[in-house]
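> the amino acid sequence is not available; the structure is as follows:
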Ligand SMILES: C[C@H](O)[C@H](O)[C@H]1CNC2=NC(N)=NC(=O)C2=N1
């Protein structure tokens with residue numbers, strides 16, 4: 001008899017990164033910085049917009065990426081900016097998945113004017 005498949009597929013790229021690995025990866029991105037510490041440590045970037053509708057368009061685009069990637073950032077939304085904060089709950093730290101999602105958000109190239 002064969003072994004039944006696991007109920008959830010294994011998630012790649014969810015191995016917690018060391019401090020050295022996080023710093024190296026941050027240095028390759030523009031504007032992302034460390035936020036918090038311990039289990040709440042995250043990478044964060046604030047994106048600025050000229051008005052609320054632009055900000056909310058960005059928020060919706062980020063939500064679409066988050067659903068596609070099954071990886072959901074904390075979003076802190078103000079009238080003219082949104083802070084995006086990624087960490088990986090499963091491992092209570094920062095993983096390659098956080099950096100992959102950060103790069104996808106950066107690729108949205110949101111308008112700043
Ligand atoms: C069950 C579901 O796949 C997990 O809870 C996913 C969903 N989104 C997630 N988002 C983030 N940021 N970290 C996670 O570990 C995570 N896990």
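Sure thing, it's come through. This one's a predicted model, so the numbers in the text were calculated from it and none came from an experiment.
> buried stuff in the helix or strand hosting residue 100?
With elements delineated by DSSP states H and E, residue 100 resides in helix 96-106, which encompasses its position. When burial is assessed from 16 or more other C-beta atoms under 10 Å, helix 96-106 yields the following buried residues: 96-99, 101-102, 104-106. Using the backbone N, CA and C atoms, a C-beta is placed for each residue, glycine as well.
> quick one: it near the ligand?
No: applying C-beta under 6 Å from any ligand atom, one finds that helix 96-106 is not in contact with the ligand, the shortest distance being 7.2 Å.
> what's the answer for stretch 15-26, then?
No: in this structure, stretch 15-26 remains apart from the ligand according to C-beta under 6 Å from any ligand atom; the gap is never smaller than 10.9 Å.
> how far does that stretch sit from its chain's centre?
Average the C-alpha atoms of stretch 15-26, do the same for its chain, and the two points are 14 Å apart (C-alpha atoms, centre = their mean, to the nearest Å).
> which residues of the protein lie near the ligand?
Of all the residues in the chain, those in contact range of the ligand (C-beta under 6 Å from any ligand atom) are 70-72, 86, 88-90.
> next, the angle from the biggest helix by length in the chain to helix 96-106.
When the chain is parsed with DSSP state H, its longest helix is helix 52-69. With axes from the mean of the first three to the mean of the last three C-alpha atoms, to 10 degrees defining the directions, helix 52-69 sits at 140 degrees from helix 96-106.
> closest point of this protein to the ligand, which residue?
residue 89 (3.5 Å; C-beta to the nearest ligand atom).
> how about the contacts made by that residue?
The neighbours of residue 89, taking C-beta atoms under 8 Å, 6 or more residues apart in numbering as the test, come to nothing; the list is empty.
> which stretches of this protein have low pLDDT?
Within the chain, the ranges that satisfy pLDDT under 70 run 1-12, 110-113.
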